[in-house]
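J.: Next one to model:
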Amino acid sequence: MYNILFALHLLTAIFAVGPLVHVVTTASRGLRTADAGATAASARTARLYAYVSVLVVIFGMGVMSSKQDGKTVATFSDPYIWISLLLWLVAMALTLALIVPALQQATTRIGAGEAVDNLTAKVAASGGVVGLIFAGIVFLMVYKPGS
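T.: Okay, the predicted model is just below:
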């Protein structure tokens with residue numbers, strides 16, 4: 001069971017978190033070019049993949065609670081587990097509470113012919129932070145410090 005859960009965890013991480021990081025780190029292009037279609041698509045895509053990333057956490061919990069060689073793989077008390085979960089929550093908060101609403105607001109403003117310069121830096125910086133957070137999570141999952 002461990003191998004199946006681990007494969008599902010990795011696949012969902014690649015196919016959900018990868019596109020999420022891509023869209024939030026490149027969403028500011030639509031703002032810089034005042035492309036309402038691009039900002040609307042970026043908002044929809046970021047929201048969708050943020051929700052789908054919950055599967056990564058669910059499969060990760062399954063991996064964590066599995067037994068390998070008769071021992072539980074990990075516990076919540078392992079620092080790399082709870083720090084990764086906390087970082088994921090921060091990334092989701094940034095994505096769903098800051099980036100997506102800013103992109104939706106930009107779409108409306110662009111459609112009305114208004115400037116969106118003040119949103120560009122917010123989206124670009126937040127997207128970069130989300131990308132760095134997920135890089136940190138990958139580091140924690142690979143090196144498992146404190147375990």
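
J.: element containing the closest residue to residue 83 other than its chain neighbours?
T.: Distances taken as Cβ to Cβ, 6 or more residues apart in numbering put residue 140 closest to residue 83, at 6.0 Å, once the chain neighbours are dropped. Quick note: C-beta positions are derived from backbone N, CA and C, even for glycine. Here residue 140 sits within helix 117-143, counting by DSSP states H and E.

J.: What helices and strands are in contact with that helix?
T.: Secondary-structure packing of helix 117-143 (3 or more Cβ pairs under 8 Å, 6 or more residues apart in numbering; DSSP states H and E): helix 18-26, helix 28-32, helix 79-94, helix 100-111.

J.: Over that helix, what's the mean pLDDT, rounded is fine.
T.: For helix 117-143, mean pLDDT is 96.

J.: Surely the residue nearest to residue 83 and residue 85 touch.
T.: No. Look at residue 140 against residue 85 with Cβ atoms under 8 Å: they stay out of range, at 10.0 Å.

J.: Check the burial of residue 146 by counting its neighbours.
T.: Applying other Cβ atoms under 10 Å, we find 12 residues neighbouring residue 146.

J.: State the pLDDT value of the most far-flung residue of the chain relative to its centre.
T.: Largest separation from the mean C-alpha position in the chain: residue 70, at 32.6 Å (Cα atoms, centre = their mean). As predicted, residue 70 sits at a pLDDT of 85.

J.: contacts for the lowest-mean-pLDDT helix or strand in the chain?
T.: Of all helical and strand segments in the chain, the minimum by mean pLDDT, DSSP states H and E falls on strand 67-68, at a mean of 87. Here strand 67-68 makes contact (Cβ atoms under 8 Å, 6 or more residues apart in numbering) with 2, 73.

J.: for the next helix or strand after it, packing partners?
T.: Where DSSP H and E defines the elements, the next helix or strand beyond strand 67-68 is strand 71-72. Strand 71-72 sits against no helix or strand, with contacts defined as 3+ Cβ pairs under 8 Å, 6+ apart.

J.: how far does strand 71-72 sit from the chain's center?
T.: In this view, strand 71-72 has its centroid 28 Å away from the chain centroid, taken as Cα atoms, centre = their mean, to the nearest Å.
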